[in-house]
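Colleague: Just a sequence and a predicted model for now, questions to come.
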Amino acid sequence: DTGVSQDPRHKITKRGQNVTFRCDPISEHNRLYWYRQTLGQGPEFLTYFQNEAQLEKSRLLSDRFSAERPKGSFSTLEIQRTEQGDSAMYLCASSQTRGNVNEQFFGPGTRLTVL
Amino acid sequence: GDSVTQMEGPVTLSEEAFLTINCTYTATGYPSLFWYVQYPGEGLQLLLKATKADDKGSNKGFEATYRKETTSFHLEKGSVQVSDSAVYFCALSSRRGDSGNTPLVFGKGTRLSVIA
């Protein structure tokens, strides 16, 4: 399967713990995006990378959140000192900057539950 | 800022009924417009897209036309099937300066249930 993969698919943690998620994009894609989706809502943008450079961070991304893409391939999203409000589906997507259309391909998501 | 508004669901239709899901947008510049679909237990999939005014995107019997004058991108299908039951998201991506395309801005989604 050459799609976007995410690990883990589910994570249950206690409030105050740190969690880290991984995303592996489609191999030739140079852009990688993180989104968060809460129940009954559309995905909301968190941050994105072009190769290893983090180009933009949303105001939704508090200081407890950090993302990296060290070699321009896979990416990690870490949440420190988790809060119950962090419970959501975290989606990763990737795209190739070619032409005028930003077509993103999404992974299956990591569902985080903070108890 | 950019935003997408789509009709709230849930929408319940009988098989072979006509489907319309309304979507309007607010954006600076000339956005690209998308419909994504999320089937139960699966990730988001691109359904169709349109990149400029009057373009019609189509796929799997679904269509949507980019209407700049009404800032709309309504999704239609002439005859829905039970397998079309899913959540549908309208989204946009705008070009901005020298940073190229922006991340997607999504609507809240519309849940469609089709009954036999």
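Modeller: Sure thing, it's come through. Bear in mind that the values here come from a model prediction, so they are computed numbers and not experimental data.

Colleague: in the sheet, who's paired with the spatially most central residue of chain A?
Modeller: Geometric centre of chain A, nearest residue: A:Trp34, 3.1 Å, by CA atoms, centre = their mean. Beta-bridge pairing of A:Trp34 under DSSP bridges involves A:Thr47, A:Cys92.

Colleague: Quick one: residues contacting it.
Modeller: A:23, A:45-48, A:67, A:75, A:77, A:90-92 (CB atoms under 8 Å, 6 or more residues apart in numbering or on different chains). Where C-beta positions appear, they are placed from N, C-alpha and C, glycine not excepted.

Colleague: shaky segments in chain B?
Modeller: Low-confidence segments of chain B (pLDDT under 70): B:95-101.

Colleague: ranges for the helices of it?
Modeller: For chain B, helices defined by DSSP state H do not occur.

Colleague: Spell out, range by range, the strands that occur in it.
Modeller: Listed in chain order, the strands of chain B (DSSP state E) span B:3-6, B:11-14, B:19-21, B:23-26, B:32-38, B:44-50, B:56-59, B:62-65, B:75-77, B:86-93, B:105-106, B:110-115.

Colleague: follow-up on the earlier one: now that we have the contacts of A:Trp34, can you turn them into CSV and tack on pLDDT?
Modeller: Formatted as CSV, the contacts of A:Trp34 follow (pLDDT from 0 to 100):
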residue, pLDDT
A:Cys23, 98
A:Phe45, 95
A:Leu46, 96
A:Thr47, 96
A:Tyr48, 94
A:Ala67, 97
A:Ser75, 98
A:Leu77, 98
A:Tyr90, 97
A:Leu91, 97
A:Cys92, 96
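
Colleague: who's in contact with residue 37?
Modeller: With no chain named, the answer covers chain A. Going by CB under 8 Å, 6+ apart, the list of residues near A:Gln37 reads A:43-44, A:88-91, A:109.

Colleague: um, chain B though
Modeller: B:44-45, B:47, B:86-89.

Colleague: got it, and B:Thr20?
Modeller: With CB under 8 Å, 6+ apart, B:Thr20 has these contacts: B:74-76.

Colleague: Could you do B:Gly109 as well?
Modeller: A:40-42, B:6, B:9, B:38, B:87-89.

Colleague: Could you dump the residues you listed into TSV with neighbour count and distance to B:Asp54 added?
Modeller: Shown next, in TSV, are these (neighbours: other CB atoms under 10 Å in any protein chain shown; distance: CB to CB, whole Å):
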residue	neighbour count	distance to B:Asp54
A:Gly40	11	33
A:Gln41	15	31
A:Gly42	22	26
B:Gln6	24	21
B:Gly9	16	28
B:Gln38	21	28
B:Val87	19	27
B:Tyr88	24	22
B:Phe89	27	23
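
Colleague: could you dump these to CSV with distance to B:Thr26?
Modeller: Putting these into CSV (distance: CB to CB, whole Å) gives the following:
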residue, distance to B:Thr26
A:Gly40, 21
A:Gln41, 18
A:Gly42, 15
B:Gln6, 13
B:Gly9, 21
B:Gln38, 23
B:Val87, 22
B:Tyr88, 19
B:Phe89, 16
